[in-house]
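A.B. asks: any chance you could fold what I've pasted below:
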Amino acid sequence: MPVEPKRQPLALELPRPLESAIETLRNAGGRCRIVGGSVRDALLGLIPKDFDVEVYGLDLDAISEKLSQIGKTDLVGKSFAVVKLWTRGEEYDFAIPRRESKSGTGHRGFAIEADARMSEFDALQRRDFTINALLYDPASKQALDYCGGLDDLKNRILRHVSPAFSEDPLRVLRGMQFAGRFRMSLHPETAALCRAIRNEFHSLSKERVWGEWEKWASRSTSLSHGLRALQDSGWLPHFPELNALVGLPQDPAWHPEGDVWAHTCCCLDALIQHTDWASLPPTKRALLAFGTLCHDLGKARSTRWALKRGAKHWISPGHDTNSVWLAQQFFDRMRAPHLIRDKVMRLVGNHHFLNTVPEGGHSDASLRRLSKRLAPATSEELHYVMVSDHRGRPPFVSKAQDKRLAQFKQRIQELDLKESAPKPLLQGRDLIARGFKPNPDFKSLLESAYEAQLDGAFSSHAQAQAWFDDFLQSRDRAN
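C.D. replies: Numbers count the residues shown, from 1 in each chain. Down below sits the predicted model:
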């Protein structure tokens, strides 16, 4: 007996070229359905970006022949039963319903059987989550739900469609980033299925693993939802630097929120709630998410029960230093881009900068040297991480630290240190103009000039020239 879908009106605005293509296929006897993320996003009130079409009742050659009347077509996806259409500068995929069965290892190890006569319900069984198994009927302007996706979307639940979920273990990490993007939690049965395939993690390429982490870091609306979904899936131990934070104690007087894992999740919430993170470009969001995620990794190596201020406390001295190499280890395991890895290492290694403030505050020279030490990260990026760290201890808030953070932000603005360290005012060409020939002494001369610049000895090119004259005279007299 055919399965009847739940129907819900949906005004999904399609690009005009796509509407024309769908109308062409409908006139040829095809039944078109928009499927996947665009339907989900429209139901969430988001703007759909990519439109994938499944065509029932027409074979691949018929689809290609009809679409060639309105644009360029290619069967580059023939092995996956997909016709690509290029029209008016846009690209669309038209797929025939298909069955997939595991035939080998990795994400390419699937046998595909196309069947244009397959039912909609059967075609959806290969989808990962119910929220991604929603169809849109352009003719009736309705969302069609065969798998319970409408209710799961409403209740913010990630539920697998069928046991076929386990055939592609990357879906577990997709669940992590979907949970973060849409503030969702894993259904208990889906979490159990994820745990049952946790050993399949090692079949995934490092690049695919990184791809899901990058989406979590750049697209989430609740980063902590993604982390908790990962923990519920049983896959957190595959990232030992993070897993070591679970249950790791902290001094409750300073960290009423709980263990280091709870603190990390609270910090990620604070990054979104107490900064303008959500309005930043995706690459910047990803960097700050990872900087916040990794800032306390070193506590796993530094935490101990020891005497402090006349009583025993949980302390973690030097954890910022240990966080540096643990962050490197975390990123290298996934072959993450070196730039983001190196920036995060600088941020976590300096996130305690404001914890010790000399009387009268940090000097200009100290802030300039910090900006140099942070490169290729920036003082502004460090400010985001420090705000998240401070605000990630609910309900505890230190007014003194809030004041220090505000002053830090103002000072780096005044000193033009937000986006980079000061550029060296004295260059090699200045030395050559004075008759110096490039030699091993060049580097040490320029380094001495730059150190003096950071100390505030000069702030313009002319002043740098005058300083260099004095420096050379002093050196000559010393010799």
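A.B. asks: got a list of what the closest residue to G349 other than its chain neighbours touches?
C.D. replies: Spatially, and ignoring its direct neighbours in sequence, G349 is nearest to V324 (4.3 Å; CB to CB, 6 or more residues apart in numbering). To be clear about C-beta, it is placed using only N, CA and C from the backbone, and glycine gets the same treatment. Counting by CB atoms under 8 Å, 6 or more residues apart in numbering, V324 touches 298, 345, 348-349.
A.B. asks: again with L75
C.D. replies: Applying CB under 8 Å, 6+ apart, the residues near L75 are 60, 64, 82-84.
A.B. asks: mind doing that once more with 6 Å?
C.D. replies: The contact partners of L75, taken as CB atoms under 6 Å, 6 or more residues apart in numbering, are S64.
A.B. asks: that one should be in a helix, yeah?
C.D. replies: No - counting by DSSP: H, G, I helix; E, B strand; the rest coil, L75 is located in no helix; its state is strand.
A.B. asks: ok so, going back, tell me the pLDDT of the residue nearest to G349.
C.D. replies: On pLDDT, V324 comes in at 98.
A.B. asks: which pair in the contacts of V324 has the greatest spatial separation?
C.D. replies: The distance between the two most remote of the contacts of V324 (CB to CB) is 11.4 Å, for G298 and M345.
A.B. asks: report the secondary structure state of the residue nearest to G349.
C.D. replies: Three-state call for V324 (three-state DSSP): helix.
A.B. asks: go on, the one 3 residues further on?
C.D. replies: Under three-state DSSP, the three-state class of A327 is helix.
A.B. asks: isn't it up against V344?
C.D. replies: Yes - if you go by CB atoms under 6 Å, A327 and V344 touch, sitting 5.2 Å apart.
A.B. asks: wait, a strand at E113?
C.D. replies: Yes - judged by three-state DSSP, E113 forms part of a strand.
A.B. asks: number of residues surrounding the closest residue to it other than its chain neighbours?
C.D. replies: In this structure, E113 finds its nearest non-sequential neighbour in R99, 4.6 Å apart by CB to CB, 6+ apart. By the measure other CB atoms under 10 Å, the count of residues near R99 is 16.
A.B. asks: roughly how far does R99 sit from A62?
C.D. replies: Separation of R99 from A62 (CB to CB, to the nearest Å): 20 Å.
A.B. asks: tell me what the helix or strand hosting L173 is packed against?
C.D. replies: Assigned by DSSP states H and E, L173 belongs to helix 170-182. Packing partners of helix 170-182 (3 or more CB pairs under 6 Å, 6 or more residues apart in numbering; DSSP states H and E): helix 206-219, helix 223-232.
A.B. asks: tell me the SS of C32?
C.D. replies: strand.
A.B. asks: burial check on it, number of neighbours?
C.D. replies: 25.
A.B. asks: repeat for the one 3 residues further on
C.D. replies: V35 has 24 neighbours, counted by other CB under 10 Å.
A.B. asks: how about S119?
C.D. replies: Look at S119: counted by other CB under 10 Å, it has 14 neighbours.
A.B. asks: same deal with R31?
C.D. replies: 16.
A.B. asks: beta partners for it?
C.D. replies: Y56 (DSSP bridges).
A.B. asks: I'd say it and G57 touch.
C.D. replies: Yes - at 5.3 Å, R31 and G57 qualify as touching, with contact defined as CB under 6 Å.
A.B. asks: tell me the pLDDT at the residue nearest to E113?
C.D. replies: On pLDDT, R99 comes in at 79.
A.B. asks: can you check A81 too?
C.D. replies: Per the predicted model, pLDDT is 86 at A81.
A.B. asks: excluding its backbone neighbours, what's nearest it?
C.D. replies: Nearest residue to A81, sequence neighbours excluded (CB to CB, 6+ apart): A114, at 3.7 Å.
A.B. asks: same thing with Q401?
C.D. replies: Nearest non-adjacent residue to Q401 (CB to CB, 6+ apart): H390, at 5.0 Å.
A.B. asks: just to revisit the earlier point, the residue nearest to E113 falls within a strand, correct?
C.D. replies: Yes - assignment of R99 by three-state DSSP places it within a strand.
A.B. asks: return the distance of it relative to S162.
C.D. replies: 12 Å.
A.B. asks: equivalent analysis for W235, please.
C.D. replies: Using CB to CB, W235 is found at 20 Å from S162.
A.B. asks: looking at these two, which is more packed in?
C.D. replies: W235 (22 against 15).
A.B. asks: do I have it right that that one meets R171?
C.D. replies: No - in this structure W235 lies outside contact range of R171 using CB under 6 Å: 11.0 Å.
A.B. asks: mind listing the strands for the protein?
C.D. replies: Ranges of strands within the chain are 6-9, 31-35, 52-56, 72-77, 82-87, 90-95, 98-102, 110-114, 134-137, 142-145, 157-158, 185-186, 304-308, 311-315, based on DSSP state E.
A.B. asks: quick one: low-confidence parts of the chain?
C.D. replies: 1, 76-79, 100-111, 479 (pLDDT under 70).
A.B. asks: who does the longest helix along it touch, helix- and strand-wise?
C.D. replies: Identified as the longest helix of the chain according to DSSP state H is helix 461-478. For helix 461-478, not one helix or strand is in contact under the criterion 3+ CB pairs under 6 Å, 6+ apart.
A.B. asks: output it as PDB, restricted to C-alpha atoms.
C.D. replies: Coordinates of each C-alpha in helix 461-478 appear next as PDB, following Å, rounded to 0.1, in the frame of the first residue of the first chain:
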ATOM      1  CA  HIS A 461      60.100  57.000   8.900                       C
ATOM      2  CA  ALA A 462      62.100  60.200   9.400                       C
ATOM      3  CA  GLN A 463      62.400  59.500  13.100                       C
ATOM      4  CA  ALA A 464      63.500  56.000  12.300                       C
ATOM      5  CA  GLN A 465      66.300  57.400  10.100                       C
ATOM      6  CA  ALA A 466      67.400  59.700  12.900                       C
ATOM      7  CA  TRP A 467      67.300  56.900  15.400                       C
ATOM      8  CA  PHE A 468      69.500  54.700  13.100                       C
ATOM      9  CA  ASP A 469      72.100  57.500  12.900                       C
ATOM     10  CA  ASP A 470      72.300  57.600  16.700                       C
ATOM     11  CA  PHE A 471      72.400  53.800  16.900                       C
ATOM     12  CA  LEU A 472      75.300  53.600  14.500                       C
ATOM     13  CA  GLN A 473      77.200  56.400  16.300                       C
ATOM     14  CA  SER A 474      76.600  54.600  19.700                       C
ATOM     15  CA  ARG A 475      77.800  51.300  18.200                       C
ATOM     16  CA  ASP A 476      80.900  52.900  16.700                       C
ATOM     17  CA  ARG A 477      81.800  54.500  20.100                       C
ATOM     18  CA  ALA A 478      81.300  51.200  21.800                       C
END
